[in-house]
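Student: Just to be clear, the model below is a prediction. Sequence and coordinates:
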There are 2 protein chains.
Amino acid sequence: MSDLDTTFLKKSIEIATLSVNQGGGPFGAIIVKDDTIISTGNNQVTINNDPTAHAEIIAIRNACQTLASFTLEGCILYSSCEPCPMCMSAIYWSRLDRVVFAATEKDAAKAGFDDANIARELALPYTSRSIKVEHVKCEGHDACFTAWQNKPDKTSY
Amino acid sequence: MSDLDTTFLKKSIEIATLSVNQGGGPFGAIIVKDDTIISTGNNQVTINNDPTAHAEIIAIRNACQTLASFTLEGCILYSSCEPCPMCMSAIYWSRLDRVVFAATEKDAAKAGFDDANIARELALPYTSRSIKVEHVKCEGHDACFTAWQNKPDKTSY
């Protein structure tokens, strides 16, 4: 933890608080590269009718647009709150270097946001989950992967 | 599994195969309500510089726009491939009724997509992960939650 960490973390909390005033959820995030903020995000789930519009997801998407890249090596994400499993997975897909958060999952739960339930569900076998997940064997299910493997000019990731 | 399941699943595979031809990744998804397709999505990570642009995420976002809602109760998601942890978490946030997929995580791994690594990482304590995740105590970390709880006209979710 450095003074810069505290500065950026406080900025993410400011964005989260401003988000509430703007009709969004109480979450904010920023992405920093070389000690400079390259993107911000606030929770816009209800105002944009987008259940994926968490602060971290929006900050990641914005940072990728800024850098014209689908990865964020060398970048740090600061979040006002501990990332949920969706955001944490997106952090892996975007290959961020580091994540720093202020409030914890428990703090979020007290405010009515039960991210921990998703983590519990993901640890269960499909047959025990609250949402039905079914694997259906389907003829030709690998046609898309064959097309991918045979494409000479593909961009792998 | 019904004939309709097979029909919709084959459609998601068609979208995945078409996606490769269009420069996207080999993944497709559709969302169905009352036996009618209300949205589709294909993987656009590299073409849109968006690491969150998985087929399922795009299908969820499109379905929410179609229904003007941030939840998808009563809807089924069909995916050409087993959803990764990011997409599976988004499925919970969007409150879909059911998920049906064709290819498995193992099939995807053979084609070069190692979703399982993210699931393994999420099960580890922060200190053991490949991406550093740090909780930094920060004065005023709950200011955003206080603002949320004090807001009389908020849209909870």
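Tutor: Yes, it's here. Everything numeric here is computed off the predicted structure, so don't read it as measured data.
Student: which helices and strands sit right next to the lengthiest helix in chain A?
Tutor: Longest helix in chain A, counting residues (DSSP state H): helix A:3-21. Secondary-structure packing of helix A:3-21 (3 or more Cβ pairs under 8 Å, 6 or more residues apart in numbering or on different chains; DSSP states H and E): strand A:28-33, strand A:36-42, helix A:55-67, strand A:75-81, strand A:98-103, helix B:143-150. Where you see a C-beta, it was placed from the backbone N, CA and C, and this is true even at glycine.
Student: buried set for it?
Tutor: A:5-6, A:8-17, A:19-20 (16 or more other Cβ atoms under 10 Å in any protein chain shown).
Student: now swap in stretch A:24-39 and tell me
Tutor: Neighbour-count burial for stretch A:24-39 [16+ other Cβ under 10 Å]: A:24-33, A:38-39.
Student: how far does stretch A:71-86 sit from the chain's center?
Tutor: Here stretch A:71-86 is found 6 Å from its chain centre; the criterion is Cα atoms, centre = their mean, to the nearest Å.
Student: If we go by neighbour counts, what in that stretch is buried?
Tutor: Quick answer for stretch A:71-86 (16+ other Cβ under 10 Å): A:71-72, A:75-86.
Student: pLDDT weak spots in chain A?
Tutor: A:1 (pLDDT under 70).
Student: Helix or strand for the residue nearest to the spatial centre of it, just tell me which one.
Tutor: Geometric centre of chain A, nearest residue: A:C87, 2.4 Å, by Cα atoms, centre = their mean. In the assignment (DSSP states H and E), A:C87 maps to helix A:85-94.
Student: tell me what that helix is packed against?
Tutor: helix A:55-67, helix A:115-122, helix B:85-94, helix B:115-122.
Student: Now do that helix: everything it contacts.
Tutor: The contact list for helix A:85-94, computed with Cβ atoms under 8 Å, 6 or more residues apart in numbering or on different chains, reads A:52, A:54-57, A:60, A:63-64, A:70-72, A:77, A:79, A:83, A:99, A:115, A:118-119, A:122, B:45, B:51-52, B:84-86, B:89-90, B:93, B:117-118, B:121-122, B:131, B:133.
Student: rewinding a little: chain center to the longest helix of chain A, what's the gap?
Tutor: For helix A:3-21, the distance to the chain centre is 17 Å (Cα atoms, centre = their mean).
Student: One more: stretch A:133-150?
Tutor: 27 Å.
Student: That one: which residues count as buried?
Tutor: In stretch A:133-150, counting by 16+ other Cβ under 10 Å, buried: A:133, A:135, A:138, A:141-145, A:147-148.
Student: Among these, list the two that are farthest apart in space.
Tutor: Farthest apart among those by Cβ to Cβ are A:V133 and A:A147. That separation is 25.4 Å.
Student: Which secondary structure state is assigned to A:F113?
Tutor: Here A:F113 is recorded as coil under DSSP: H, G, I helix; E, B strand; the rest coil.
Student: With distance to A:T127 added, can I get the buried residues of helix A:3-21 in JSON lines?
Tutor: Shown next, in JSON lines, are the buried residues of helix A:3-21 (distance: Cβ to Cβ, whole Å):
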{"residue": "A:D5", "distance to A:T127": "43"}
{"residue": "A:T6", "distance to A:T127": "46"}
{"residue": "A:F8", "distance to A:T127": "43"}
{"residue": "A:L9", "distance to A:T127": "41"}
{"residue": "A:K10", "distance to A:T127": "45"}
{"residue": "A:K11", "distance to A:T127": "44"}
{"residue": "A:S12", "distance to A:T127": "39"}
{"residue": "A:I13", "distance to A:T127": "41"}
{"residue": "A:E14", "distance to A:T127": "44"}
{"residue": "A:I15", "distance to A:T127": "40"}
{"residue": "A:A16", "distance to A:T127": "37"}
{"residue": "A:T17", "distance to A:T127": "42"}
{"residue": "A:S19", "distance to A:T127": "38"}
{"residue": "A:V20", "distance to A:T127": "39"}
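Student: for the residue lying farthest from the centre of chain A, helix, strand, or coil?
Tutor: Most distant residue from the mean C-alpha position of chain A: A:E139, 33.8 Å away (Cα atoms, centre = their mean). In three-state terms, and counting by three-state DSSP, A:E139 is coil.
Student: Mind checking the helices and strands packed on helix A:3-21 for the one nearest to A:K154?
Tutor: Nearest of the helices and strands packed on helix A:3-21 (Cβ to Cβ): helix A:55-67, 19.0 Å.
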